[in-house]
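Participant: Sequence unavailable; structure follows:
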């Protein structure tokens, strides 16, 4: 399969473009993609600084040397450096050999003359080689409007990532540059579709100046809305997408050429690496499936990590020690049926980080009550799974005679657990092949009631306190849905219906709350559709 060329561009410098590219390159390589990072910022090269510790040798040449090879009519040489990283395949094509002659070598190239002499075809051949050898070619472009910037934004890429910050200087040109690139592509003799552009809002300080950050985030979303027209799902608002594509300002990472993704291996939502993972996942999924990103960000990123969908196991079986014997018997029967199944290493904290990628499906064997460890395993697995019951990755629950369905957590009761018996292995085998059991009727009713309450929200409320309660209730419903707790959802739905019965009106429901309501409704409607027999 031919690789994809992605150019990272910024109209102004100092927005974190190179560090963003370097971080995305590391993440994609870690996730199993073959990646080439190319430094085309020839006047101010710096990409190599981010990989200094991983470079086995100094660059012997680079992009500028490819141009000189063409001018000297010699066969193009390979200047790529394979980087020494703990995981994955990542190579660097630096700007050039950084010696005393580098500035003169850059200034000696007249790019307009180079193109007149046929450099475009020569570059097209290099592009074909790169895309044959790598899944992703990430190009660090020069800022502003220049010949080399045009090569990076018009000639080479399949996709364009525009990195900008929250100020008018950036916003006034971020959309215009994409239109310029498209006009330039139309004039080229190569079959290039219109650029799909990913706007990344960088270095937004929303920890101290929260209200100002919120206002600027909305302003930025409005400004870049035209860039989403070719690829963003209609169910996802530009403002919601910009929130996913915002890189927070963290002062710790503003010193030197550090890469947070090398230190924050399992980042939390308030860390820079968390946002960088989201950007990398959108690139890995070719700007597709954005409705699923809005529905479950963690699962969307997890899908990008396993781009070939290869798992060591078909099923991981988790059981307490009290059920070790029946769990082992279940595993033996599944293996006899051709299922690659093993027992989980329950109680080892590091195991959680690997378990979503170790096995395609997870089965909890419950003896008496669900253990805390099993709850942690299940929650971790569900966070990494795009849609419960979609036939891709499934969570199963098998009860021993000592377990009671009524005592299970809500997210497990929704699964309609199986009972241990002679045919349970065959039942699991069939479910893995054909999809999970339909959702129980009471759970569908809970979802329908929640959808009805959300649709019944008024356009206006009488005072700020009522608005705050509505917001808290909607977010509580979202949390309940995330956790699979459909026993809590009906209570929250009743609360929302009571809050919706307002006498008099005054305050409009804000756009951000309406976006949350629409996103939650969409998720609930999909769950209802998936659960209907």
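Facilitator: Thanks, I have it. Predicted, not measured: the structure shown is a model, and the values here were computed from it.
Participant: which residues in the stretch 301-450 of the chain form strands?
Facilitator: Assigned by DSSP state E, counting those that start in this stretch, the strands in the stretch 301-450 of the chain fall at 313-318, 341-343, 359-366, 395-399, 418-419.
Participant: mind listing what the shortest one pairs with, with the direction of each?
Facilitator: What it means is strand 418-419. Applying DSSP bridges, strand 418-419 is found paired with strand 395-399 (parallel).
Participant: and the angle from the strand it pairs with to strand 359-366?
Facilitator: 30 degrees (axes from the mean of the first three to the mean of the last three CA atoms, to 10 degrees).
Participant: Report the distance from strand 395-399 to the chain centre.
Facilitator: Remark: strand 395-399 is offset 29 Å from the chain centroid, using CA atoms, centre = their mean, to the nearest Å.
Participant: Show residues contacting it.
Facilitator: With CB atoms under 8 Å, 6 or more residues apart in numbering as the test, strand 395-399 has contacts from 315, 330, 361-366, 378, 381-382, 385, 388, 405, 408, 412, 415, 417-420, 424, 428, 431, 436. C-beta coordinates here come from the backbone N, C-alpha and C atoms, glycine included.
Participant: Please list only the buried members of these.
Facilitator: Neighbour-count burial (16 or more other CB atoms under 10 Å) applied to the contacts of strand 395-399 gives 315, 330, 361-366, 378, 381-382, 385, 388, 408, 412, 415, 417-418, 420, 424, 428, 431, 436.
Participant: re the thing from before, will you turn the strands of the stretch 301-450 of the chain into TSV that also has mean pLDDT and distance to residue 470?
Facilitator: Shown next, in TSV, are the strands of the stretch 301-450 of the chain (pLDDT from 0 to 100; distance: least, CB to CB, whole Å):
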stretch	mean pLDDT	distance to residue 470
strand 313-318	91	39
strand 341-343	91	46
strand 359-366	90	36
strand 395-399	91	32
strand 418-419	89	40
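Participant: Quick one: closest of the ones you listed to residue 489.
Facilitator: Across the strands of the stretch 301-450 of the chain, residue 489 has its closest neighbour in strand 395-399 (18.4 Å, CB to CB).
Participant: Name the residues of the closest one that are buried.
Facilitator: Residues of strand 395-399 classed as buried: 395, 396, 397, 398, 399 (neighbour count, 16+ other CB under 10 Å).
Participant: Looking at the residues you listed, which one is closest to residue 519?
Facilitator: residue 395 (22.9 Å).
Participant: Bridge partners for that closest one, pull those for me.
Facilitator: Beta bridges link residue 395 to residue 362, judged by DSSP bridges.
Participant: wait, residue 297 sits on residue 241?
Facilitator: No: judged on CB atoms under 8 Å, residue 297 makes no contact with residue 241 at a distance of 11.4 Å.
Participant: Which residue of the two possesses the greater neighbour count?
Facilitator: Using other CB atoms under 10 Å, the more surrounded residue of residue 297 and residue 241 is residue 241, with 24 against 17.
Participant: Could you find the closest non-adjacent residue to that one?
Facilitator: residue 232 (5.8 Å; CB to CB, 6 or more residues apart in numbering).
Participant: Can you give me the neighbour number for the one you found?
Facilitator: Number of residues near residue 232 (other CB under 10 Å) recorded here: 20.
Participant: what's it in contact with, if anything?
Facilitator: Counting by CB under 8 Å, 6+ apart, residue 232 makes contact with 238, 241, 290.
Participant: go on, residue 22?
Facilitator: Contacts of residue 22 by CB under 8 Å, 6+ apart are 37, 47, 50, 51, 259.
Participant: Roughly how far does it sit from residue 281?
Facilitator: Residue 22 is 17 Å from residue 281, where distance means CB to CB, to the nearest Å.
Participant: if I pick the nearest residue to residue 429 once chain neighbours are set aside, what's in contact with it?
Facilitator: Spatial nearest neighbour of residue 429, excluding adjacent residues (CB to CB, 6+ apart): residue 337 at 4.9 Å. Shown in contact with residue 337 (CB under 8 Å, 6+ apart): 425, 426, 429.
Participant: any idea which helix or strand carries residue 100?
Facilitator: Under the criterion DSSP states H and E, no helix or strand holds residue 100.
Participant: Near it, how many residues? Count them for me, please.
Facilitator: Per other CB under 10 Å, the neighbour tally for residue 100 reads 6.
Participant: ok, it to residue 264 distance?
Facilitator: For residue 100 relative to residue 264 (CB to CB), the value is 38 Å.
Participant: do residue 381 as well
Facilitator: From residue 381 across to residue 264, the span is 22 Å (CB to CB).
Participant: cool, and residue 315?
Facilitator: Noted for residue 315: a distance of 31 Å to residue 264, by CB to CB.
Participant: Now do the contacts for the residue lying closest to residue 263 once chain neighbours are set aside.
Facilitator: Leaving aside its chain neighbours, residue 263 sits nearest to residue 273 (7.9 Å; criterion: CB to CB, 6+ apart). By CB under 8 Å, 6+ apart, residue 273 lies in contact with 23, 260, 261, 263, 264, 267.
Participant: Same check on residue 260?
Facilitator: Residues near residue 260 by CB under 8 Å, 6+ apart: 23, 250, 253, 267, 271, 272, 273, 276.
Participant: By neighbour count, which of the residues you listed wins?
Facilitator: The most neighbours of any of the contacts of residue 260, using other CB under 10 Å, belong to residue 23, which has 26 neighbours.
Participant: could the contacts of residue 260 go into a markdown table alongside secondary structure, pLDDT and distance to residue 449?
Facilitator: Shown next, in a markdown table, are these (DSSP: H, G, I helix; E, B strand; the rest coil; pLDDT from 0 to 100; distance: CB to CB, whole Å):
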| residue | secondary structure | pLDDT | distance to residue 449 |
| --- | --- | --- | --- |
| 23 | helix | 96 | 43 |
| 250 | coil | 87 | 41 |
| 253 | helix | 87 | 45 |
| 267 | coil | 87 | 36 |
| 271 | coil | 90 | 37 |
| 272 | helix | 94 | 39 |
| 273 | helix | 95 | 38 |
| 276 | helix | 96 | 39 |
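Participant: Out of the residues you listed, flag the one nearest to residue 527.
Facilitator: Each of the contacts of residue 260 was scored against residue 527 by CB to CB, and residue 267 proved nearest at 27.8 Å.
Participant: For the closest one, give me phi and psi.
Facilitator: Reported as degrees, to the nearest 10, the phi and psi values for residue 267 are phi -70, psi 150.
Participant: Would you confirm that it contacts residue 298?
Facilitator: No: at 11.1 Å, residue 267 does not count as touching residue 298 under the criterion of CB under 8 Å.
Participant: Give me the mean pLDDT for stretch 104-119.
Facilitator: Mean pLDDT, computed over stretch 104-119, is 90.
Participant: What is the burial count for residue 372?
Facilitator: Residues near residue 372, counting by other CB under 10 Å, number 8.
Participant: Residue 317 versus that one, what's the distance?
Facilitator: Separation of residue 372 from residue 317 (CB to CB): 18 Å.
Participant: Now tell me what touches stretch 47-56 from outside.
Facilitator: Contact with stretch 47-56 is made by 18-19, 21-22, 37, 39, 41, 59, 81-85, 90, 92, 94-95, 98, 140, 257, 259, as judged by CB under 8 Å, 6+ apart.
Participant: now with 7 Å?
Facilitator: Contact with stretch 47-56 is made by 18-19, 22, 37, 39, 59, 81, 83-85, 92, 94, 140, 257, 259, as judged by CB atoms under 7 Å, 6 or more residues apart in numbering.
Participant: So what would you say the end-to-end distance of that stretch is?
Facilitator: Its start and end residues considered, stretch 47-56 measures 15 Å (CA to CA, to the nearest Å).
Participant: How about stretch 42-58?
Facilitator: Taking CA to CA, stretch 42-58 runs 17 Å from one end to the other.
Participant: Which positions within that stretch qualify as buried?
Facilitator: Residues 42, 45, 47, 48, 50, 51, 54, 55 are the ones in stretch 42-58 that count as buried (16+ other CB under 10 Å).
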